[in-house]
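Enquirer: Quick check, what structure comes out for this input:
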Amino acid sequence: MSLERLRHLSTELVARESEVSGRILPAAHIFQRTEVTVFDAVIYNPVICLILQGQKEMSVGKQFIELDEGDVLLVSHDLPVASKITQASKERPYQALIFSLDLGVLRGLYEQVGEAISNKDHATSLSASPADPVWTEPMVRYLELMDAPMDAQVLGPMILKEIHYRLLLSPIGGMLRSLLSVDSHASRIAKSIQQIRARFREPLVVGELAQVAGMSSSSFHEHFKSVTGTTPLQYQKDLRMIEARTLLERGVPSVSFAGFEVGYESPTQFSRDYSRKFGCSPKHHLARAS
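Expert: Numbers count the residues shown, from 1 in each chain. Presented below is the predicted three-dimensional model:
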């Protein structure tokens with residue numbers, strides 16, 4: 001029942017936001033597509049994503065996930081992810097309800113309940129499961145605030161805190177709980193991820209990243225791959241490729257310009273890595289901008 005109600009509310013929210021050309025409920029975003037897609041590389045920030053309609057496949061490193069209607073995806077770290085929509089049509093679009101996770105809210109909750117929860121199961125930064133009514137019911141209440149601006153301002157943050165609380169205690173919240181533990185591997189890797197994202201154009205020095213994480217180089221490699229599903233070098237390369245594609249689609253002067261902008265010194269190497277990542281040459285994406 002909650003899923004049907006969320007579909008109805010999400011469709012209504014999309015219509016309302018198209019009328020005002022802006023967001024009505026800042027924390028919620030409705031993603032819709034009317035056609036299936038090919039695999040594409042994107043950066044996922046920490047989010048909770050509920051599939052309301054259609055199907056999707058995604059992967060990070062060697063981890064592969066299939067998402068169906070009623071499934072929820074939890075992303076705990078900034079991750080370069082490959083994903084594609086596998087079921088969508090004009091009559092029945094793919095539709096997903098996305099909530100950005102507020103790490104400040106999660107930290108506050110963890111300070112209150114951290115001692116009462118523990119991580120016994122193996123946790124991953126990309127977790128999925130069928131949605132639980134304890135998550136979807138407050139999501140319904142949050143979307144119902146679209147017609148009551150004052151209620152949204154006063155009650156909205158409390159409902160969002162409830163959603164965060166339910167996720168933190170949920171079976172798929174293991175990596176969130178680990179992330180919030182001050183001296184955990186997940187927390188240390190999160191610091192190194194911030195460093196890579198801020199300086200992805202610069203040469204990668206694993207020793208420096210390991211120092212930021214407070215680990216030896218070998219331990220850092222192991223835990224980085226455990227959390228992100230990929231190596232630090234590949235993570236940086238993915239960031240560079242995604243940023244380069246954005247530049248090319250905006251119509252930069254040349255392929256070489258895009259490569260230099262994201263930190264490559266060799267245009268040939270840039271084109272080779274780009275083609276391997278996206279299955280087409282950078283010239284293809286540059287041509288689409290003209």
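Enquirer: doesn't residue 253 fall inside a helix?
Expert: No: secondary structure of residue 253 (DSSP: H, G, I helix; E, B strand; the rest coil): coil, not part of a helix.
Enquirer: neighbours of it, just the number please.
Expert: With neighbours defined by other Cβ atoms under 10 Å, the count for residue 253 comes to 9. Just so you know, the C-beta spots here come from the backbone N, C-alpha and C atoms, and that holds for glycine as well.
Enquirer: what are the phi and psi values for it?
Expert: phi -60, psi -40 (degrees, to the nearest 10).
Enquirer: now residue 203, what's its secondary structure?
Expert: Taking three-state DSSP, the label given to residue 203 is coil.
Enquirer: dump the residue contacts of it.
Expert: residue 263 (Cβ atoms under 8 Å, 6 or more residues apart in numbering).
Enquirer: ok, now how distant is it from residue 209?
Expert: 12 Å (Cβ to Cβ, to the nearest Å).
Enquirer: Let's test this: name the helix or strand in the chain with the lowest mean pLDDT.
Expert: helix 174-180 (a mean of 83; mean pLDDT, DSSP states H and E).
Enquirer: helices or strands up against that one?
Expert: helix 103-113, helix 149-169, helix 185-198 (3 or more Cβ pairs under 8 Å, 6 or more residues apart in numbering; DSSP states H and E).
Enquirer: Now mean neighbour count, distance to residue 20 and mean pLDDT too, for those helices, in TSV please.
Expert: What follows is these, written out as TSV (neighbours: other Cβ atoms under 10 Å; distance: least, Cβ to Cβ, whole Å; pLDDT from 0 to 100):
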stretch	mean neighbour count	distance to residue 20	mean pLDDT
helix 103-113	15	26	87
helix 149-169	17	12	94
helix 185-198	18	32	90
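Enquirer: Residue 9: which of the ones you listed is closest?
Expert: When the helices and strands packed on helix 174-180 are compared by Cβ to Cβ, helix 149-169 sits nearest residue 9, at 13.2 Å.
Enquirer: Let me know the helix or strand that residue 98 is in.
Expert: Per DSSP states H and E, residue 98 falls inside strand 94-100.
Enquirer: I would like the residues contacting that strand, please.
Expert: In contact with strand 94-100 (Cβ under 8 Å, 6+ apart) are residues 6-7, 10-11, 27-34, 45-56, 85, 87-88, 139, 143, 160, 163.
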